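> Sequence plus the predicted model coming up.
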Amino acid sequence: MKKRPAETTPSRSAKKKTSDTPRPRDAVATRKAILDSARRAFARSGYDGVGVREIAAGAGVTAMLINRYFGSKERLFAEVAIETMTKPVILTSDFIESGCPSETMAAALVRLTQPDATPLEGFLIMLRSAASERAAEIGREQIQAHYQTTLARALHGPDRSERAAVILSLVAGFQMMRQAMGLPALTDAKPGALERVLERALRALIEPPPSK
């Protein structure tokens, strides 16, 4: 009767080598996890109120990986700003291609800022980071490059850049006073009344001014 060959067990060194072998990392998924964590953190605490380690913990990675993928907290903040502004919620194709853009924008703004609505992350990020000189600079650059440029291109007539900037100021101010400050005249108003007031203000800015 033949003897069965003795079973061999991996040596400790072999086990250690296997366990120490790094698992392959999905670069795209890792980058997205970092961006998602950073967006939530900046919306919650602003640029100065959150550190790289907190963002890394929220993404399930190390702070070293954030530096590897983005280089610095500033560059990560800029990437978050770009991501939010290239996926607009109010300045959408529905507004740009609408035959009545002032009504479309007014209705969207009232709906998105209703008392039980969660404020947009992009709005919260800019609002809570504005006190930081560097974050404000980054935000200003990205707003000008994305929101203002997109809006100005959709307008007709003179002073398009200036009118686009005033429209953005109106939108941001309305969001702040209704959602962040909770001004009763805005939170308690009937949606239809707010839409009518906003529509008139927006129409004066969107429609080309009469030629002199």
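Looks like it arrived, so ask away. Numbers count the residues shown, from 1 in each chain.

> Any idea how many residues pack against the residue lying closest to V89 once chain neighbours are set aside?
Excluding its sequence neighbours, the residue lying closest to V89 (Cβ to Cβ, 6 or more residues apart in numbering) is L120, at 5.9 Å. C-beta coordinates here come from the backbone N, C-alpha and C atoms, glycine included. When neighbours are counted by other Cβ atoms under 10 Å, L120 registers 18.

> repeat for G60
Neighbours of G60 under the rule other Cβ under 10 Å: 11.

> repeat for D94
Neighbours of D94 (other Cβ under 10 Å): 12.

> Now do the same for K17: its pLDDT.
K17 is assigned 40 on the pLDDT scale.

> give me the element the residue minimising distance to the centre of the chain is part of.
Closest residue to the average C-alpha location of the chain: T84 at 3.0 Å, with Cα atoms, centre = their mean. Using DSSP states H and E, T84 sits within helix 73-85.

> cool, and R128?
Following DSSP H and E, one finds R128 within helix 121-129.

> The longest helix seen in the chain vs helix 73-85, what angle?
When the chain is parsed with DSSP state H, its longest helix is helix 27-45. For helix 27-45 against helix 73-85, the angle by axes from the mean of the first three to the mean of the last three Cα atoms, to 10 degrees is 90 degrees.

> Just list what helix 27-45 packs against, helices and strands only.
helix 52-59, helix 63-70, helix 73-85, helix 121-129 (3 or more Cβ pairs under 8 Å, 6 or more residues apart in numbering; DSSP states H and E).

> JSON lines for those helices, including mean pLDDT?
Compiled in JSON lines, these are given as follows (pLDDT from 0 to 100):
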{"stretch": "helix 52-59", "mean pLDDT": "96"}
{"stretch": "helix 63-70", "mean pLDDT": "94"}
{"stretch": "helix 73-85", "mean pLDDT": "94"}
{"stretch": "helix 121-129", "mean pLDDT": "95"}
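
> what's the closest of these to P210?
Distance to P210, taken as Cβ to Cβ, is lowest for helix 73-85 among those, at 32.1 Å.

> which residues touch that closest one?
Residues outside helix 73-85 that contact it (Cβ atoms under 8 Å, 6 or more residues apart in numbering) are 34-35, 38-39, 42, 47, 51-52, 55, 66, 70, 121-122, 125-126, 129, 134-135, 138-139, 141-143, 145-147.

> Brilliant, that's me finished.
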